[in-house]
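I'd like to go over a predicted model; first the sequence, then the structure.
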Amino acid sequence: MSNSWRFVTTIAKKEIIEFVRDWRTLLALIVIPLLIFPALFIALPLLLESEAAELDALELEIVWQGAINEDLQLAFNESQLAVSYEQLPTEISNLSDLGSDIDRLRGQDTNAIFRLVQNGSEWDFAILHLSTSEASTEAKSRILLAIYSWESDVVNGTLVEAGLDPESTLDPVKWDGEVSSSDAATKGEQAGLVLSLFIPMVIAIWTASSAIQPSIDMTAGERERGTLEALLCLPCSRMQLLAGKWLAVATITSTGVVLQISGLLFAITFLASTSIIGIPTISASSALLLISAVAIFAIMVVAFELAIAMKAHSVKEAGSLLGPAILFIIFPALFTQVINLDGIESWWFAIPLVNILLAMRELLLDRVITEHVLVWLLSSIFYAGLAAWYAAKQFKREDLVASIS
Amino acid sequence: MSGPLLTLDGVAKSFGEVDALTRVDLEINPGQVIGLVGGNGAGKTTLLRLMAGVMEPSSGTILFGDKQVSTMRKKLGVVPESTGLYSRLTAWENIRYHSRMYGISDDVAWDRVSHFAERLDITDSLSRHTKGFSRGMRQKTALLRALAHGPDILLLDEPTAGLDVTSARTVRTLVGQLRDEGGTVIYSTHHLAEAQQVCDRIIIVHNGTIRADGSPSVLLELTGESSLEDAYVSLTSDKARLRNEDNEKEGKISKWWRRFLTGRTPELREVSEDE
């Protein structure tokens, strides 16, 4: 083993051991990323489903004011609405005018108030409700569903009376066959499209944010704790020191990203079993390029963050600098989601950050366009080199030693 | 190696406009304990850092034998004032980390460390995390760490600062034993009595210059004083310069913002006798 590699691995190993021994950072950077997507994609829908079922089972109380319609009454009964009847208030200017009923709704004495008036062959109605109450919103939805069903019966009846066929009159233009079977994209490709809209963003944001804490701890933290001077006295060069620390941060960050993606794939597999989304299918070359894109991105981000953290005089200053720096990742990440990939010009793939995000999107769609690959690969390597050069410059600063109190 | 271990020739060091050291010429011979004595901000730590090869001189050369000292760091053992121990590692893990960086196998390092650990009465604490260590324990661990690779020169920056009487005495005793075994130690302190007790040669540093260099008797002879304390005072009678706290350039934006918030320091005004 060469001396340089021994220095780099010894430094990285020590940094990782120190990191692993702090359960709080371990929890923040390893456990949370592993659980975030399963929690988001599995636990949250299950929770929402159970909440919706609970709401469905509720019998809601409503007040019916004005004219009575028997067909509508029947529809209300089927919708688990307990109805009490009243006269229409006299002081209101129109049916939507809350009048004195506002207090009953705000006090939640009733879930909703349904008002109905017959004008010849037509009916006017309004539903008074409290939008901030889930029960009231649910009551409004059930009333509306019942009204649409009754209205449909009324319309159909009128058409039949006029000697018309309701189906051909109301729905004269129809899609023939299954809509989903007419898509030339496979289920896997469709899943790739859905995932390409957020996986690049997640990887970019998570790589950048999870590298912050170890970057600060291993640079400004060492400086503040007074361990940096002893380290600088060792017989290794500053570049070897930087490489060792870079390797440690990159390992920790990659572990976090890999765990997060594993959690995501687990969640997707679960969703696929419920037919909500398919499993993306990408070729080996796309997968390989995808891994390269993430690796180059990590080289660049970690080097940049180490440099900024080393430039800072304290942990506090490093945090103040790197915290807002995440915005420089989030904005391009959001921006990249809306760029149309069809016929996209190659120069887009040379813009820092945007290039890697676009590359990841294309690769998740299993599109390997040689010109694009060359542009993002070369430009990303250049940017990563630039970040590494800047980091090396910060690590070689003499006042790094001089400022240690 | 015949001749001096370390040679400083016309060494100067500046941080921006501040001259931390001006024209230092020194030769460090093997088998001596050399005390760097001076007040706060005198330039002792800068001189030690230059000797340790972690800083480059602004002018002049520092040679270890006939090679640049920065390329010979593996021959040096350094204990900085802050000790620089990692709190989430045990004392032995701290030592092992450094010895591995020096290319020393764990077995060899352990043999050396256990030998010195007994002298420092710290053997039982080697497997403990250093988080709860007292200042004395930290200093002893840092000493073991610096000795584990068998350095030719040991550089100690204020090794007894903040230590209790017993720990300070243990450290001084170890330094004496190292000298007796032929070791070379450069020892910075601002306690003259301690330097007199431990060192064969005392170098008085003041305002970035070497004011005197020799054995205690030579210093007394040089100044014509009867005690080392009086000799030190006479050699450093000019006012100590202001210490540049962090030797760091302040960024333009930071400087502007600090001034915006705190205002400029008001000019001193002469007070008339009437007032």
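Great, that's in hand. Bear in mind the structure is a predicted one, so any value in this text is a computation, not a measurement.

quick check, pLDDT for B:G263.
As summarised for this prediction, B:G263 has a pLDDT of 70.

hmm, I typed the wrong one, I wanted A:E189.
You'll see A:E189 listed with a pLDDT of 84.

up against chain B, what does chain A have?
Among all residues of chain A, those adjacent to chain B (criterion: CB under 8 Å from any CB of the partner chain) are A:3, A:6-7, A:10-11, A:14, A:17-18, A:21-22, A:225-236, A:313, A:398-399, A:401-405. C-beta coordinates here come from the backbone N, C-alpha and C atoms, glycine included.

and residue 214, how many neighbours?
Just going to use chain A. Counted by other CB atoms under 10 Å in any protein chain shown, the residues lying close to A:P214 total 28.

my bad, chain B
Residues near B:G214, counting by other CB under 10 Å, number 15.

and it, backbone torsions?
Dihedral angles of B:G214 (phi, psi; degrees, to the nearest 10) stand at phi 170, psi -180.

look up phi and psi at the closest residue to it other than its chain neighbours.
Residue nearest to B:G214 in three dimensions, not counting chain neighbours: B:R201, with 6.5 Å by CB to CB, 6 or more residues apart in numbering or on different chains. Summarising the backbone geometry of B:R201 under the convention degrees, to the nearest 10, its torsions are phi -140, psi 140.

and the helix or strand where B:V113 lies, what does it pack onto?
With elements delineated by DSSP states H and E, B:V113 resides in helix B:106-120, which encompasses its position. Other elements packing on helix B:106-120 under the criterion 3 or more CB pairs under 8 Å, 6 or more residues apart in numbering or on different chains; DSSP states H and E are helix B:91-101, helix B:135-147, helix B:165-180.

okay, those in CSV with mean pLDDT and distance to A:F37 next?
What follows is those, written out as CSV (pLDDT from 0 to 100; distance: least, CB to CB, whole Å):
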stretch, mean pLDDT, distance to A:F37
helix B:91-101, 95, 36
helix B:135-147, 93, 44
helix B:165-180, 90, 53
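
out of these, which comes closest to chain A?
When these are ranked by proximity to chain A, the top entry is helix B:91-101, at 4.6 Å, counting by CB to the nearest CB.

would you confirm that A:G256 contacts A:V31?
No: in this structure A:G256 lies outside contact range of A:V31 using CB atoms under 8 Å: 9.7 Å.

which residue sits closest to A:T255, ignoring its sequence neighbours?
In space, not counting the residues next to it along the chain, A:T255 is nearest to A:I30; the distance is 6.4 Å by CB to CB, 6+ apart.

ok, is stretch B:182-199 in contact with chain A or not?
No: for a cut-off given as CB under 8 Å from any CB, stretch B:182-199 has no contacts with chain A; the smallest distance is 13.2 Å.

report the rounded mean pLDDT for that stretch.
For stretch B:182-199, the per-residue pLDDT values average out at 90.

ok so, going back, between the helices and strands packed on helix B:106-120, which one is nearest to A:S380?
For the helices and strands packed on helix B:106-120, the distance to A:S380 is smallest for helix B:91-101, at 32.6 Å, taking CB to CB.

hmm, the closest one in reach of chain A?
Yes: Helix B:91-101 comes into contact with chain A when judged by CB under 8 Å from any CB, the residues involved being B:E93, B:Y97, B:H98, B:R100, B:M101.

pLDDT below threshold where in chain A?
For chain A, the stretches flagged by pLDDT under 70 are A:1, A:272, A:274-278, A:402-405.

so who does the residue nearest the centre of it touch?
Residue closest to the average C-alpha location in chain A (CA atoms, centre = their mean): A:F198, at 6.3 Å. By CB atoms under 8 Å, 6 or more residues apart in numbering or on different chains, the contact list for A:F198 reads A:Q337.

contact residues of the stretch 1-150 of chain B facing chain A?
Residues of the stretch 1-150 of chain B lying near chain A by CB under 8 Å from any CB: B:15, B:46, B:49, B:52-56, B:73-74, B:76, B:78-80, B:82-89, B:93, B:97-98, B:100-103, B:142, B:145.

list the buried ones in stretch A:145-165?
The neighbour-count check on stretch A:145-165 (16 or more other CB atoms under 10 Å in any protein chain shown) flags A:A146, A:I147, A:S149, A:W150, A:N156, A:L159 as buried.

can you check stretch A:87-102 too?
Neighbour counts using 16+ other CB under 10 Å place A:I92, A:L95, A:D101 of stretch A:87-102 among the buried residues.

what residues does it touch?
Contact partners of stretch A:87-102, identified using CB under 8 Å, 6+ apart, comprise A:Q65, A:G66, A:L105, A:I113, A:R115, A:V117, A:D124, A:F125, A:A126, A:L128.

could you redo the last one with a cut-off of 10 Å?
Contacts with stretch A:87-102, where a contact means CB atoms under 10 Å, 6 or more residues apart in numbering or on different chains, come from A:63, A:65-67, A:86, A:104-106, A:109-110, A:113-117, A:124-128, A:130.

now do the same end-to-end measure for it.
Between the opening and closing residues of stretch A:87-102 we find a distance of 16 Å, counting by CA to CA, to the nearest Å.

and for stretch A:361-371?
One end of stretch A:361-371 to the other measures 15 Å (CA to CA).

over to stretch A:93-103?
By CA to CA, the extent of stretch A:93-103 from end to end equals 18 Å.

just to revisit the earlier point, between A:G256 and A:V31, tell me which one has more neighbours.
Regarding A:G256 and A:V31, a neighbour count based on other CB under 10 Å identifies A:G256 as having more, with 23 against 13.
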